Structures are given as structure tokens and as C-alpha cells.
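Chemist: Pasting the sequence and the predicted model now:
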Amino acid sequence: MALISVKDLKTYFHTRNGVVRAVDGISFDVEAGKTLGIVGESGSGKSVSQYSLLGLIPMPPGKIESGTAMFDGQDLLKLSGEKLRKIRGKRISMIFQDPMTCLNPYMKIGDQLIEPLLTHFDISHEDAMKKAAQALKNVGIHETEKRLNSYPHQFSGGMRQRVMIAMALITEPELLIADEPTTALDVTVQAQVLDLIKKLQQEINTAVIFITHDLGVIAGVADEVAVMYGGKIVERGSTDDIFYNSQHPYTKALMASIPATHAHGERLYTIEGLPPNLTKAIPGCSFAPRCGECEDYCKTTKPELEVMESPSHESACLKYQKEHRA
Amino acid sequence: MSTEVITSLEEVEEGSSLWTDALARLKKNKAALGGLGFVIFVAIIALITPWIAPFPYEVQNLDLGAVPPNASNWLGTDVFGRDLLTRIMWGGRVSLMVGVIATAVSLVIGVLWGSIAGYFGGRLDSIMMRIVDTLYPFPFMVLVILLSVIFGRHIYLMYLAIGAVEWLTMARVIRGQVLTVRKQEFIEACFSQGLSTWRIISRHVIPNVLGPVIVYTTLTIPSVMILEAFLSFLGLGVQPPMCSWGSLIGDGAKYMEEYSWLLIFPGIVFSSTLFSLNFLGDGLRDALDPKASKD
């Protein structure tokens, strides 16, 4: 039984320039304690899909057009604001991309750390502070007495992201949504933060949805991977499926553009063209205009996810599906 | 890879609240501290004037007339033979009271108006701010004259009139502040932690807005006092024999060639009070910014 099960989620933005189909019918499950990686370019709908679950989409212009997100027997998309608020930050937490702007500059770290505790639990200030000190130790920040009384500007970027992680995990949530938590950090700190998330995930058996555009990061943390393009999941499978037996030209193109796979001095591979304009209805596959393996039917027929070789591995490429069936 | 890499960066100072930190920073700012001291001094004098004023402010002594500063009238007397020091003290009461009350009026209306518009945004914001825009160019003098025609000349009308004008700017300042704070990611982060709207506003939005509000308030007081002086100068403000710094300067200006002290002393007191308030406002702005380092 999956911890969270999302079916046919559609989030549209009704703007002056037309309807932006930011998330256009995606489905995924996450098991308790597992990590789902969501990869995609900017504007592919990866963040919006997760924000939709927690009611963090500004409405209007955003609107959740359809879908269900079952979490512990309740549909998150249909919960009232107040009920959803009680889940947010307690059972489902979030880490944001930029740790520099996600902390209140006028509030001491300790006071910010205990905000979720004071909000969701009946706990004394003193006990909450003890928990906060422990949470800081868990993320590798020492001299906690001092640190709890510091302001965010006295912390480096990596330390602030640790604080954000500590804050997100202080209520021991069942699900952690990490929205590009390492993008704003330099590479060495990135690795530490990833290790930290993995370690703490195991300790409290939290499921993680990990949003990133960095395939290298995904390979290190995810059990399962969903590749998003133009508001849709175009390929989904175990990390091995995706990395060693990719069944979608877009995923393959993403792999090909990882710098590490290039010989020294070789020109880096890039995918030609731009992501699709999501305000326009596309009759066929949204990747077709940029796809090197595009066939005529790709431009007219909408692809759907279909199981490939292993049952857990699905791809939404008409050509590969055809080859697979043959 | 180890997760225990965090180094102690710089020495983190002993923790204290934002306000004690701010106070510590303020204490290091000599100009602001001097300003604060002077403002407190003037305020205390204004409070106890009825008991310590050396002369009655209204009794004329036409035989004496205007005399320069001397042993019994330290700052001299005006053309009606009234002690200038006494009149400056009484005038200070009026000027400061107008400054404080009118600012408080504008602060209350402005904070409520601005923060509601800024926080909830959208159509409500548009309507509320268009009202402000419409009132903005309304001629202030017409309002004051209108009020004094309808209700008669009364000092409290001046508070009302000035407050009614000043709150417009206050509302704009606060709305702008709330708007920028609201757009910041930590507010979204708070929201994602399930904090209630009230908790977000009271614990996260307001403290972030408070610094600029306090600063703006200390800077509004002098501008209100100038407005009052302007009105009194024109004869629309306090009515003789009561006086304010503005009316004293106005009177002094009439006789500045013969009796220069009538202009000089009220001018010095008024401008040094304004200076002090500005220094204080400036110092508060620096002190309330936690990023202002102490090195």
C-alpha cells in the first residue's frame, strides 16, 4: 500500500495569455520510506505538481482541474484549507530550493525551528527547544546553544539548508518533499546535504519526493524515477531502468547531456529547441519537435504511458512502444 | 562522506532578542543616542511645563515690551512683554502633542489600511489603494479650512486634519513593506509548515515590517510638526494667546530685524528637536536591521 498515491493530477494556470497546462494528468505512487526522484527541465511542471498536493498553488490563477492524491485514506486535493494545514508541516514537510531566502531574517534559528512543533503539537517552549537542539545535532550542526540563538545571516548557505532540513524533519513527517534542495549549493556541500537527507530518511523512515533537474543527484538518492516533460510524466521506472535501459528519447537525450559522459574536449551535447509552450494544445507527443527519432505518427497521436520490459518500467514514447510490442 | 563538517564560522555572539540587540546597536550610535536624549529632555520639559514655567505664558506686560535676554528673562521677552522661555516651553507642549497624536492617528489608520491591502492583495488591495490615490491630491489647506469653518477653531481639529493627511503616506509605506515581505520565500515556507494565517502575520510579517514602520514614524513626527508650524504660521493653527513653536517662529519672523532673539531661540529649539528626531530615526533604522553587523 503506497503512502501517497496520486492519480491523473492536472494543475492549470488561467493567465491572460491563455491556459497554461503546467501539470497535465500525472500519476505516481510513493511507498513509505522510499524515494521518488522527479527529473525534468525548468517549466516541466515538477515543482507545480508537488505544490498542488499541499495547496501551495496560488489560486487564482492556478486551479487543480482534476485528480486525486490519496494520503492515509484522505484525498489531499479535496481537503479543506484547515485540514490540509494540519497535515502540512506535520505529516508532509517540504524543503525549498533556496535556503538563503527561506528563513525569516528577523527570527532566531531556534525560534524558527520550533514553529512547526508549536503549531502542530501541544508542547512547551522548553521541550520544543530541546528537540530543536537535537534536530540541529542530527544535521551536523554543533554548539547548538549558540546556534539556536543566532540569526540566519550568521549561517552559510550549506548550514541554512541543514537548518531547513532540520526544520522539515523535526515533526518526523511521513513524507518529505524536497524541491531542488541542492541546486543553490556548491558541489561539495551538495553531497553532504544529500547524504544527510538519506541518513535521516532511514532513521525516521520517511518517504521522499525529490525534485531536481540534476540526473547525477537522482542517481544517488532515488529508488524510483519519474521523468517529466511538458507537464507530463514521459518515463517512469526504477533508477536502474531509467539509467541503464532508458526507453524514451527525452530521457536518453538528458543522459547524453550529462557532462561526465563526454570525453575531454568534446562538445557537450544539448537538446535542440525549447520546451513546449504549455498554453497551446499539442496534438501529438510534446517532445516530437525536438526529438531525433520522431516519426510522422508522433506529431498526430498523443502517447500514453505503457509498460515496457519490466512491469515497473513505463514509457510514453510511441516509437519505443511499437518496437517493444513487435 | 561525513556530515559533520560544519565549522564555526565567525564567533556567534551571545544570543539575545532582536530588541536587545537593536538597543545594543543603538547605544553605539552616538548621534542617535544624543537625539534620543534630547527628545526625551524636551518631552519631559513639555510635560512638567505648567509647574516649572518661570512666568505665565499669556499675561502681557506692554510697559516692558521686547527686551533682549537678561537675568530675569533668560531668553528675553516678546513685543507684549511675555517671557520667551515660558512661551517656548508652552509652545513645545503644543508642537510635541500635535506631533505625537497626529502621528499616532496616522499610524493606526495607516498600519491597518496598508497591511490589510498588502496582505490580502488582489481586488481588495486595488480598491483600497485607489481610495488612497484619490485622497492623495486632495488639497490639505481646503480640508483644514473646511474643518475650522464647520467645527470652529480647535486644536484637536489640527490633530485630526494632519493625521488624516499623513495616514495616506503611512498606508502606502506599510502596504509596500507588507507586499515585499509577503512575496518572500520564508512566508511560503511558513505556509508550507502549516502555520496559521494569524501566526504568519503576527510572528513573521509584522516583525519584518516593524523596523521600517518605526523608522517612518520617527520621521513622520517632525514632518507633522512642520505642518503644524506651517498652519500656525498662517494663523490657522493654535489661537493666541496659546502658542506653538510654529506660531512663535511666525511671530519672530515679523520682528527679526529689531528683535532677532524672537526668531533665533524658537528656531534653534525647533530645529534641534527636528534634527534629534531625524538622527533617532536614522539610528533606529540601522539598529533594527539584524544584518547590520557589529564589526
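Modeler: Okay, I see it. Numbering: from 1, shown residues only, chains lettered A, B, ... in the order given.
Chemist: So which bits of the helix or strand that B:G99 is a member of are buried?
Modeler: For B:G99, the host element (DSSP states H and E) is helix B:84-120. Buried positions in helix B:84-120, judged by neighbour count with 16 or more other Cβ atoms under 10 Å in any protein chain shown: B:84-103, B:105-107, B:109-111, B:113-119. The way it works is simple: take the backbone N, C-alpha and C, and place the C-beta from them, glycine included.
Chemist: any idea which residue sits dead centre in the chain?
Modeler: All of this is about chain A. A:I211 (2.5 Å; Cα atoms, centre = their mean).
Chemist: I was after chain B.
Modeler: Centroid-nearest residue in chain B, with Cα atoms, centre = their mean: B:I221, separated by 1.7 Å.
Chemist: Roughly how far does that residue sit from B:A71?
Modeler: Distance of B:I221 to B:A71, given as Cβ to Cβ, to the nearest Å: 35 Å.
Chemist: repeat for B:D83
Modeler: For B:D83, the distance to B:A71 - Cβ to Cβ - is 12 Å.
Chemist: Nearest spatial neighbour of B:P212, chain-adjacent residues omitted?
Modeler: Of all residues not flanking B:P212 in the chain, B:Q177 sits nearest, at 5.3 Å (Cβ to Cβ, 6 or more residues apart in numbering or on different chains).
Chemist: List the residues that contact the one you found.
Modeler: By Cβ atoms under 8 Å, 6 or more residues apart in numbering or on different chains, the contact list for B:Q177 reads B:114, B:118, B:208-209, B:212-213.
Chemist: Need those residues in CSV (columns: pLDDT and distance to A:M164).
Modeler: What follows is the contacts of B:Q177, written out as CSV (pLDDT from 0 to 100; distance: Cβ to Cβ, whole Å):
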residue, pLDDT, distance to A:M164
B:G114, 87, 30
B:G118, 87, 26
B:N208, 82, 18
B:V209, 84, 23
B:P212, 79, 26
B:V213, 83, 28
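Chemist: now, which of those residues sits nearest chain A?
Modeler: Nearest to chain A among those, counting by Cβ to the nearest Cβ, is B:N208 at 5.3 Å.
Chemist: what about the closest one, how many residues close to it?
Modeler: The burial count assigned to B:N208 is 21, neighbours taken as other Cβ atoms under 10 Å in any protein chain shown.
Chemist: where's it, which helix or strand?
Modeler: Judged by DSSP H and E, B:N208 forms part of helix B:206-233.
Chemist: now the next helix or strand after that helix and helix B:84-120, what's the angle there?
Modeler: Where DSSP H and E defines the elements, the next helix or strand beyond helix B:206-233 is helix B:245-254. Interaxial angle, helix B:245-254 versus helix B:84-120 (axes from the mean of the first three to the mean of the last three Cα atoms, to 10 degrees): 130 degrees.
Chemist: helices or strands next to the helix holding B:G99 in the packing?
Modeler: Contact analysis of helix B:84-120 by 3 or more Cβ pairs under 8 Å, 6 or more residues apart in numbering or on different chains; DSSP states H and E lists helix B:30-52, helix B:122-135, helix B:155-183, helix B:206-233, helix B:245-254, helix B:261-287 as its packing neighbours.
Chemist: so how far is the longest one off the chain centroid?
Modeler: Right, helix B:155-183. In terms of Cα atoms, centre = their mean, to the nearest Å, the centre of helix B:155-183 is found 12 Å from the chain centre.
Chemist: Pull the contacting residues for residue 93.
Modeler: You didn't say which chain, so I picked chain A. Each residue near A:S93 by Cβ under 8 Å, 6+ apart is listed here: A:116, A:167-169, A:171, A:173, A:175-177, B:192-193.
Chemist: oops, chain B please
Modeler: Neighbouring residues of B:R93 by Cβ under 8 Å, 6+ apart: B:46-47, B:49.
Chemist: what about stretch A:169-185, start to end distance?
Modeler: Start and end residues of stretch A:169-185 are separated by 20 Å (Cα to Cα, to the nearest Å).
Chemist: where's it relative to the chain centroid, distance-wise?
Modeler: Worked out by Cα atoms, centre = their mean, stretch A:169-185 lies 9 Å from the chain centre.
Chemist: next one: stretch A:18-38
Modeler: Relative to its chain's centre, stretch A:18-38 lies at 8 Å (Cα atoms, centre = their mean).
Chemist: likewise stretch A:218-230?
Modeler: Relative to its chain's centre, stretch A:218-230 lies at 9 Å (Cα atoms, centre = their mean).
Chemist: go on, stretch A:246-257?
Modeler: With Cα atoms, centre = their mean, you get 19 Å for stretch A:246-257.
Chemist: could I get that stretch in PDB with only the CA atoms?
Modeler: C-alpha atoms of stretch A:246-257 as PDB (Å, rounded to 0.1, in the frame of the first residue of the first chain):
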ATOM      1  CA  SER A 246      16.000   4.200 -20.900                       C
ATOM      2  CA  GLN A 247      13.000   3.800 -23.100                       C
ATOM      3  CA  HIS A 248      12.300   7.300 -24.100                       C
ATOM      4  CA  PRO A 249      14.300   9.600 -26.400                       C
ATOM      5  CA  TYR A 250      13.900  12.500 -24.000                       C
ATOM      6  CA  THR A 251      15.500  10.600 -21.100                       C
ATOM      7  CA  LYS A 252      18.200   9.400 -23.400                       C
ATOM      8  CA  ALA A 253      18.900  13.000 -24.500                       C
ATOM      9  CA  LEU A 254      19.100  14.100 -20.900                       C
ATOM     10  CA  MET A 255      21.600  11.300 -20.200                       C
ATOM     11  CA  ALA A 256      23.600  12.200 -23.200                       C
ATOM     12  CA  SER A 257      23.900  15.800 -22.000                       C
END
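Chemist: mean confidence for that stretch?
Modeler: Here stretch A:246-257 scores 84 as its mean pLDDT.
Chemist: Now do that stretch: everything it contacts.
Modeler: A:39, A:215, A:227, A:229, A:234-235, A:237, A:241-243, A:261, A:268-271, A:287, A:290-293, A:308-309, A:313, A:315-317, A:319-320, A:324.
Chemist: For the helix or strand encompassing A:L254, buried residues please.
Modeler: Per DSSP H and E: A:L254 is located in helix A:249-256. The neighbour-count check on helix A:249-256 (16+ other Cβ under 10 Å) flags A:249-254 as buried.
Chemist: So of those, which two are at opposite extremes in space?
Modeler: A:P249 and A:L254 (9.8 Å; Cβ to Cβ).
Chemist: so A:K232 touches A:D24, yeah?
Modeler: Yes - contact criterion Cβ atoms under 8 Å: A:K232 and A:D24 qualify, at 5.4 Å.
Chemist: Please enumerate the shared neighbours of those two.
Modeler: By Cβ under 8 Å, 6+ apart, the residues touching both A:K232 and A:D24 are A:G45.
Chemist: secondary structure class for B:Q60?
Modeler: coil (DSSP: H, G, I helix; E, B strand; the rest coil).
Chemist: before we move on, what about A:S93?
Modeler: Assigned by three-state DSSP, the conformation of A:S93 is strand.
Chemist: With A:G55 instead?
Modeler: Under three-state DSSP, A:G55 falls in the coil class.
Chemist: Get me the contact residues on the stretch 151-300 of chain A for chain B.
Modeler: Contacts of the stretch 151-300 of chain A with chain B, taken as Cβ under 8 Å from any Cβ of the partner chain, map to A:151, A:153-156, A:158-159, A:162, A:164, A:167, A:191-192, A:195-196, A:199.
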